[in-house]
Each structure stands twice: as C-alpha cells, then as structure tokens.
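> This is a predicted model, with the sequence first.
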Amino acid sequence: MFSAPAGSRMIEFCSGNIRAVNPERAVLEALELAYGTDRPDCAVLLILGVVGHNLESLSRVAARQCPEARILAASCAGVVGRDGPGESMHDIAVMGISGEGFGVAHVDGLLGPTSFSKGVELAQELQQAAPHPVRMVYLLASGIDIANDRLIAGIESVLGPEVVIFGGTSSDQMQGVSSQQAVDGELFQHAALAVGFWDPDLHVVTQASHGFVAVGNPLRVTKAEGNRILELDGQPAWQAYLQRLGLPADATEADTIPIGALAELLPENLARDYGNPHILRVVTHHTPEGGLLYATDCAAGTDLWITVRDEERIFNDVDRMLAAMASAAPDGHLLAVFHADCLARGRRLFQRVIKEELIHRLQMPFLQQGQVPPWFGMYGFGEYARLGQANSYHNYTTALAALYQPAPA
C-alpha cells in the first residue's frame, strides 16, 4: 500500500500522450508533454500502453525518471489524451498525480470466481493507510475472466456503497487473448490496480452511454455458473452465440467482440437514467467446452439480445451524457478527466471507425481557457461509472469521470 505523504500540497494531475516505437522515447516525451520536464515530481504515475509496447520496459523508464513514484500500468487497444485519440500499436498515455489525499493498492489472482474476495482485499488495502474514509476509487482491472459486478460488490462491502468507482478494464487488440497490468515493473495478467482518494474536498461526476440498439429475439441463458454462461437456448453457449451472429464455427473473439455486444434489459428507472433500455455486455473469451466468459455474473433465465450500433444514437447519447454531467458538476475547478471507451464507437468511414469527431465532441465542454484539462483515456474491454446513483460496470460505452475541487469560499 502507498499513501501520499502528509503536507500542504493540493492534489494535482498532469497528463500527456504520444506515439513512439521506442519505450524510452515514448515515456520521456509523454512526461515532457505532461509536465514540461521528463523528470517530474509526482507520487503516482499511471501508464496506458497499446499492446505494441512492453509494460515492463515502459515502467522501467518511468521509474528511472520518477524514482519516488509508484508506477501503475495497463495494456489497452488505444489511448485518449489531451491531444486526442491514438490507436496505433505504439501509443501511450500517462497521468501523474501529486499532492496528498490519495493512495494506491493492487491485488493479483483476480478471476471470475475470486472477484468478490479480491474486491474486499483491494478495498482493505486502500483503506488501511488512509486517515479518512476512501470516497472514490480509480480502478484499472484485468479485462478477461472477471465478474465485474462481484468485484464492485467486494469493494463496496469495505468502503460502503457511497464510494464512487470509475475507470476501466485492460485489453489487448480486441482479440480476447490476454490483457496485462504492471505494478512498479512487475507484470500481471489477472490483477486490479487502484488509486483511492480520501480528500474530502474532492468531488467526482461520472456518466456512461452506449447508443446501441437491441434487435431480434433474445437468447435465453439456460445454464450458467457465476460469470460463465454454459448454455444458450439449450445449446453450448459459444455455438449458439456464433450462430446468432452469423459467424462460422471456427470464428474467434477477434471476430465477435467488434460486433457481438449482448444486451440485458434494465429496470425502467435505470433505463430512464441511462437513456437506453439495455445495458451491454462483452464476451471476452470462451472455454474449450463452449462456455462464454461473461463480464458479470449471469443467472439462468436471463434474456440476452444481439445489438447493432446506431451511429446517430451514439452521438445523441453523448450529448445527453455531457448535459447531465454539466448539470451535476459542482462549482469549482476541474482537475482532471478519466475516460474509458470502446473501439466500436464513432463514425464508420473508410472501412474503419473514425473516433476523432466523437473525442472532440467529448472534450469541448471541458475546455479551460481553450485547453483540454489533464485527460487520461483508454480503449479497453469495459468501463466503470455510476448508474442510478450506484456503481456499475458497462461495455461498449463512453464513460467519463470528471474530478473537481470546490471554488474558494
């Protein structure tokens, strides 16, 4: 556990994102963009690296430049920073945190069946050295074989349901093979990394939206164990899923993840808050026996719809989300924005999804004197944000968390 030292320094965030093949150049230039120097004074340095980068190499360079900082890193399929999105194999983003009122923790061995207990362990480690109750958590978790609802429940069992959880899950290039996390240069595949904030003057506003539409008749879960869906409509789940998507039996997650969002029906009150009757789930892996590794626990009897992306709705829902965030924002100074997103969002042009317009639309309302504030975003496997005043896990969304300090009295 790491706790920022006591003192009089206010919490501060600085971010930078860059594209560079060489890990040393990538880290040095990202730090220079964030701080104006490649040797900043920060207590925690967060790194997101697209899978063309080695997290151990990035962490090693970062530790040399920031010898007093804890280095937390995760793999992703792309980054979003103050300079917009980057989707090449060699993009990275960094966010440095300095001051006081926060600490970090991590756990390993995070899998579907262990998700609740690991959430408890993570929260206990966060709270252990905190002089005040931890009020919000930035969470970077493994993206494959994790019951995210159980992880959230484990964290809340220690910190209480009022704690605000935001962030996302690490990914590869949307193939569902492996995702990676690193703590001070040590590499993991099933870890959760967290920054807990207890500063009583810090406020956060979170929102998420997806803009996809459920179509056709649902598939019914007929057999499941935790986050493993074993049968759909009485058939092996992977087989039934591929058939409904119109894919051949030898298809892989690289084929299904971009088009295979599954939708669960929301209660009416949450649907109104979300602006959509369904919440989406991703299938990140399947077992040799044909089971689906789902993103949350899923009980037998659950109906799951195939969905299609609705471009107009994606953009309209972003506008609705931004308006809701603006109305909920406290009077004060915007410190930073944490962003988790899905590669399937944006305008489909030239055989690919173009994201620059959507990111520009997201960042415009947060400009300060014409500048994007510290911004730390990833294209991952999933997103954490509040829904109906409760912590929730989302897939295929844009999820934002804006952190504020109150205005001086």
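Done, it's in.

> middle-most residue in this structure, spatially?
With distances taken as CA atoms, centre = their mean, the chain has residue 168 as the residue nearest its mean C-alpha position (1.3 Å).

> would you say it is within a strand?
Yes - in this structure, residue 168 lies within a strand as judged by DSSP: H, G, I helix; E, B strand; the rest coil.

> Contacts only, for the closest residue to it other than its chain neighbours.
Using CB to CB, 6 or more residues apart in numbering and skipping residues adjacent in sequence, the residue nearest residue 168 is residue 340, 3.0 Å away. Any C-beta I mention is one placed from the backbone N, CA and C, and that applies to glycine too. Shown here is residue 340, whose contacts under the criterion CB atoms under 8 Å, 6 or more residues apart in numbering are 166-169, 377-378, 380, 382-385, 397-399.

> Go through the helix or strand harbouring residue 340 and flag the buried ones.
For residue 340, the enclosing helix or strand under DSSP states H and E is strand 332-341. Taking 16 or more other CB atoms under 10 Å as the basis for neighbour counts, the residues of strand 332-341 that come out buried are 334, 335, 336, 337, 338, 339, 340, 341.

> possible to save those as TSV with distance to residue 83 and pLDDT?
Converted to TSV, those look like this (distance: CB to CB, whole Å; pLDDT from 0 to 100):
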residue	distance to residue 83	pLDDT
334	18	97
335	19	97
336	15	98
337	14	98
338	16	98
339	13	98
340	18	97
341	15	95
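
> Domain map for this structure?
Listed domain ranges for the chain are 2-208+316-406, 212-309 (source: automatic domain parsing).

> and the shortest one, what's its mean pLDDT?
Over the span of domain 212-309, the pLDDT mean works out to 96.

> circling back to that earlier point, wait, which of the contacts of residue 340 is closest to residue 229?
Looking at the contacts of residue 340 and their distance to residue 229, the nearest is residue 382, at 16.3 Å (CB to CB).

> give me phi/psi at that closest one?
With angles defined as degrees, to the nearest 10, residue 382 shows backbone torsions of phi -170, psi 170.

> returning to what we had before: as CSV, the buried residues of strand 332-341 with distance to residue 372 would be great.
As requested, these are exported to CSV (distance: CB to CB, whole Å):
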residue, distance to residue 372
334, 11
335, 13
336, 11
337, 8
338, 13
339, 11
340, 17
341, 15
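
> Out of those, the closest to residue 127 would be?
When the buried residues of strand 332-341 are compared for distance to residue 127, the smallest value, 20.6 Å, is given by residue 338; criterion: CB to CB.

> Double-check that closest one against residue 377; I have them as touching.
Yes - taking CB atoms under 8 Å as the contact criterion, residue 338 and residue 377 are neighbours in contact, 7.4 Å apart.

> For stretch 266-283, buried residues please.
Buried-residue list, stretch 266-283, by 16+ other CB under 10 Å: 266, 270, 273-283.

> Among these, which are located in helices?
The helices in this structure, assigned by DSSP state H, contain 270, 273, 274 from the buried residues of stretch 266-283.

> Dump these to JSON lines, plus distance to residue 119.
Shown next, in JSON lines, are these (distance: CB to CB, whole Å):
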{"residue": "270", "distance to residue 119": "22"}
{"residue": "273", "distance to residue 119": "24"}
{"residue": "274", "distance to residue 119": "23"}
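
> so residue 155 touches residue 122, yeah?
Yes - with contact defined as CB under 8 Å, residue 155 and residue 122 form a contacting pair (6.3 Å).

> still on that earlier bit, quick one: which two of the contacts of residue 340 are the most distant?
With distance counted by CB to CB, no two of those lie farther apart than 169 and 398, which are 14.7 Å apart.

> Confirm that residue 125 sits in a helix.
Yes - checked against three-state DSSP, residue 125 lies within a helix.

> how near is it to residue 192?
Residue 125 sits 10 Å away from residue 192 when distances are taken as CB to CB, to the nearest Å.
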